[in-house]
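Undergrad: Sequence first, predicted coordinates after that:
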Amino acid sequence: MDRLKMYIGGRWVDAEGGKTFTAISPVDRSELALVPSASPADVDKAVRAAEKAFHIWFHKSQDERSEVLCRIADAIRARAPEIAKLEALEHGTPYKEALGVTMGAAAKFENTAWLAKTVMGDQLPVPGSNTISYLQREPVGVVGLIVPWNLPTIMIAVKLAPALAMGNTCVLKPPTINSMIGLKFAEIISTVEGLPEGAVNIVTGSGSVVGNAIATHPLVDMVGFTGSSETGKSILAAAAGTVKKCVMELGGNNPVIVMPGADLDEAMKVLGHRQFNNCGQHCSGLGRYYVHEDIHDEFVKRLAEVAAAQVVGDPMNEDTTMGPVTSGEHQRKVEGYVTKSLEEGATLYYQQKKTAEHEKGFYVMPTILTDCRHDMTAAREEIFGPVAVIIKYNDGDDIRFLANDSPYGLCAHVWTGDVAKGMELIDDLHVGAVFVNCQMLQENQPWGSGVKESGLGKEGAIMGLLEFTDQKLVCVKYRK
Ligand code: NAD
């Protein structure tokens, strides 16, 4: 079995003491490689390397930095089939989709490179003072990037690209169960000209050790985190010790409101895809459906048809639409929600049958639960799987209350035959994003900052870039 190394200070290194853990494929539980299991001492080396590199990287011009980002994009494209194959093997994404995701990661670096050139500072007029006063935009410094396992390639790109573009240097912790993808990024970074040694360090290991060491290290100036709300809260508490800037993209339990007259053909194209694509492991995914009684039976029947049409199997097969979920632990968690829902009174309306092939890996079959109630465990918590939790509502129910009654506030989906009625809901939905009769269209729009326990700050677009900067007030008297 291959024994991989981490990337610290421009060198390939073992973890202190040679500790490793085994990467497991969710496809068939095979052992893929031994991955370094870093200690706080390894994190310290990475942070110090990033600090040293910061003074070089920060002083490069924006054009030079953007050029390096474009080279990273080219290097990702050149190795896209290799990266996509690894994502299929280590994460379970169907290969064709993984290829699209990899190209999306390359595009992220390229688009960020261009966008970064538009970032400007602000001048503040001070009339009659012979003084100029301005806000100078600067990188934050050494940033710790802690990444989740759902779509790891794109999750790494959406953090690394803006952090580097704005002149920061990074210590990135990939998701423990998808560390090989993180180290593949390190390989790519290591081939790119113009990035100082130590500007990007990729440190693998457990969240509680590596992630915590990043969040508490006094020389880390900022933490960019995506993951569950529970982990986010512990990182915020850890980072408070040194008052770090934190951008947190956290969990959700997103309501899907289906109102009378909704165009079910269109809804199925969007919701059917979102529910089962990537096994439903999307932060903007479909947590709980509230379907009006007038449309409920037809909606459920159509969604079950989409579930039945999923080809669940080996991600490398051409016609597979759904691979396994990413780990045995997550499989047990998602299947546990189905069992619990049935105990709490739900009906198993549809579930694909598992074959012996599925038993070899961490597969969760497409599932539709009906007769669910708002107070059921699966409707209150984040399932993050290919399981639709469907609650029937009628005109007597307060749909605004039901949608908002959650500690989360990431996003909400509304499908309606009457767009004006759908739009009336927008102001009342206490979430970071609302999609009415469509899905997330993210071109040049920031994602993130769910409200409540779903996060802090923005990711993507110009606002996401600015999160990786600070502003320094400068006043200069140029004449007495
Ligand atoms: P997770 O919180 O378990 O782990 C995320 C990362 O944090 C991993 O790298 C993990 O190793 C690390 N970590 C774990 N414990 C830590 C600790 N004590 N200190 C520091 N780091 C620690 O999340 P996950 O299961 O990998 O990802 C799924 C979650 O991510 C879901 O809740 C999903 O909604 C959320 N998510 C949110 C967004 C968004 O944009 N809001 C996007 C994708 C995923």
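TA: It's in.
Undergrad: How about the residues of the stretch 301-450 of the chain by the ligand?
TA: For the stretch 301-450 of the chain, the residues in contact with the ligand (Cβ under 6 Å from any ligand atom) are 382, 384, 410, 448, 450. No exception for glycine: its C-beta is placed from N, CA and C like everyone else's.
Undergrad: From Ser229, how far off is the first one?
TA: What that stands for is Glu382. Note on Glu382: its distance to Ser229, by Cβ to Cβ, to the nearest Å, is 8 Å.
Undergrad: the more surrounded of these two?
TA: The residue with more neighbours, out of Glu382 and Ser229, is Glu382; 24 against 20, by other Cβ atoms under 10 Å.
Undergrad: hang on, that one packs against Arg288?
TA: No: contact criterion Cβ atoms under 8 Å: Glu382 and Arg288 do not qualify, at 10.0 Å.
Undergrad: Overlap of the contact sets of those two?
TA: Common neighbours of Glu382 and Arg288, using Cβ atoms under 8 Å, 6 or more residues apart in numbering, are Asn253.
Undergrad: okay, how far is it across stretch 280-290, tip to tip?
TA: This stretch, stretch 280-290, spans 18 Å end to end (Cα to Cα, to the nearest Å).
Undergrad: can you tell me if it touches the ligand.
TA: Yes: counting by Cβ under 6 Å from any ligand atom, the ligand is contacted by stretch 280-290 at Cys283.
Undergrad: what does stretch 143-155 give?
TA: Yes: contact of stretch 143-155 with the ligand (Cβ under 6 Å from any ligand atom) involves 146-150.
Undergrad: Tell me the residues of the stretch 51-200 of the chain that contact the ligand?
TA: Counting by Cβ under 6 Å from any ligand atom, the residues of the stretch 51-200 of the chain near the ligand are 146-150, 173, 175-176.
Undergrad: tell me the two of those residues that are most distant?
TA: Of all pairs drawn from these, the one with the longest distance (Cβ to Cβ) is Asn150 and Lys173, at 15.4 Å.
Undergrad: So between the two, which is more surrounded?
TA: Neighbours per residue, other Cβ under 10 Å: of Asn150 and Lys173, the larger number sits with Lys173, 29 against 24.
Undergrad: Quick check: that one vs Lys360, distance?
TA: Noted for Lys173: a distance of 30 Å to Lys360, by Cβ to Cβ.
Undergrad: so what sits against both of Glu382 and Ser229?
TA: The contact sets of Glu382 and Ser229 overlap at 251, 408 (Cβ under 8 Å, 6+ apart).
Undergrad: Show residues contacting stretch 431-448.
TA: Outside stretch 431-448, the residues that touch it by Cβ under 8 Å, 6+ apart are 247, 249, 254, 262-263, 266, 270, 273-274, 284, 409-416, 419, 422-423, 425-426, 449-451, 454-455, 457-464.
Undergrad: Where strands are concerned, which of the residues of stretch 143-155 next to the ligand count?
TA: Among the residues of stretch 143-155 next to the ligand, the members found in strands (DSSP state E) are Ile146.
Undergrad: Neighbour-wise, give me the winner out of the residues of stretch 143-155 next to the ligand.
TA: When neighbours are counted by other Cβ under 10 Å, Val147 leads the residues of stretch 143-155 next to the ligand with 28 neighbours.
Undergrad: does the nearest residue to it once chain neighbours are set aside count as helix, strand or coil?
TA: Nearest non-adjacent residue to Val147, counting by Cβ to Cβ, 6 or more residues apart in numbering: Met155, 4.7 Å away. Under DSSP: H, G, I helix; E, B strand; the rest coil, the three-state class of Met155 is helix.
Undergrad: From one end of stretch 185-205 to the other, what's the distance?
TA: From start residue to end residue, stretch 185-205 stretches across 16 Å - Cα to Cα.
Undergrad: what mean pLDDT does that stretch have?
TA: Taken as a whole, stretch 185-205 has a mean pLDDT of 97.
Undergrad: Flag every buried residue along it.
TA: For stretch 185-205, burial by neighbour count (16 or more other Cβ atoms under 10 Å) applies to 185-190, 192, 195-196, 198-205.
Undergrad: Which helix runs longest in the chain?
TA: When the chain is parsed with DSSP state H, its longest helix is helix 95-116.
Undergrad: list the helices and strands it packs on?
TA: Other helices and strands packing on helix 95-116, by 3 or more Cβ pairs under 8 Å, 6 or more residues apart in numbering; DSSP states H and E, are helix 62-78, helix 80-91, helix 152-165, helix 461-466.
Undergrad: Show me which positions of the last one end up buried.
TA: Okay, so that is helix 461-466. If you call a residue buried by 16+ other Cβ under 10 Å, then helix 461-466 has these buried ones: 461, 464-466.
Undergrad: Please name the bridge partners of Arg11.
TA: Judged by DSSP bridges, the bridge partners of Arg11 are Ile8.
Undergrad: now swap in Glu249 and tell me
TA: In this entry, Glu249 is beta-bridged to Thr226, Gly455, by DSSP bridges.
Undergrad: Now do the same for it: its pLDDT.
TA: In this model, Glu249 is scored at 96, pLDDT.
Undergrad: That one: neighbour count?
TA: Each residue near Glu249 was counted by other Cβ under 10 Å, and the total is 29.
Undergrad: In contact with it, which residues?
TA: Residues in contact with Glu249 (Cβ under 8 Å, 6+ apart) are 225-227, 283, 447-450, 455, 457, 459.
Undergrad: can you tell me how far it sits from Ser206?
TA: Counting by Cβ to Cβ, the gap from Glu249 to Ser206 is 20 Å.
Undergrad: what about the residue nearest to Val147, how many neighbours?
TA: Number of residues near Met155 (other Cβ under 10 Å) recorded here: 26.
Undergrad: so what's it up against?
TA: Going by Cβ under 8 Å, 6+ apart, Met155 touches 147-149, 175, 226.
Undergrad: what pLDDT does the most centrally placed residue in the chain get?
TA: Centroid check for the chain by Cα atoms, centre = their mean gives Met155 as the closest residue, at 4.8 Å. Model confidence at Met155, given as pLDDT, is 94.
Undergrad: Then Gln445?
TA: At Gln445, the model reports a pLDDT of 82.
Undergrad: and the chain, what are its domains?
TA: 2-250+454-474, 255-436 (automatic domain parsing).
Undergrad: For the helix or strand bottoming out on mean pLDDT in the chain, give me every contacting residue.
TA: Using mean pLDDT, DSSP states H and E, strand 122-124 stands out as the lowest-scoring helix or strand of the chain, at a mean of 87. Under the contact criterion Cβ under 8 Å, 6+ apart, strand 122-124 has outside partners 132-135, 471.
Undergrad: can you rerun that using 10 Å?
TA: The list of residues contacting strand 122-124 from outside it, by Cβ atoms under 10 Å, 6 or more residues apart in numbering, reads 131-137, 471, 473-475.
Undergrad: residues in contact with whatever residue of the stretch 1-150 of the chain ends up closest to the ligand?
TA: Taking Cβ to the nearest ligand atom as the measure, the point where the stretch 1-150 of the chain comes nearest the ligand is Pro148, at 3.1 Å. Applying Cβ under 10 Å, 6+ apart, we find Pro148 in contact with 155, 174-175, 177-178, 207, 225-228, 231, 249-251, 281, 283, 326, 384.
Undergrad: Might you list the low-confidence residue ranges for this protein?
TA: 442-443, 448 (pLDDT under 70).
Undergrad: For the stretch 301-450 of the chain, just list every one of the strands.
TA: 347-351, 367-370, 387-393, 408-409, 411-415, 433-436 (DSSP state E, counting those that start in this stretch).
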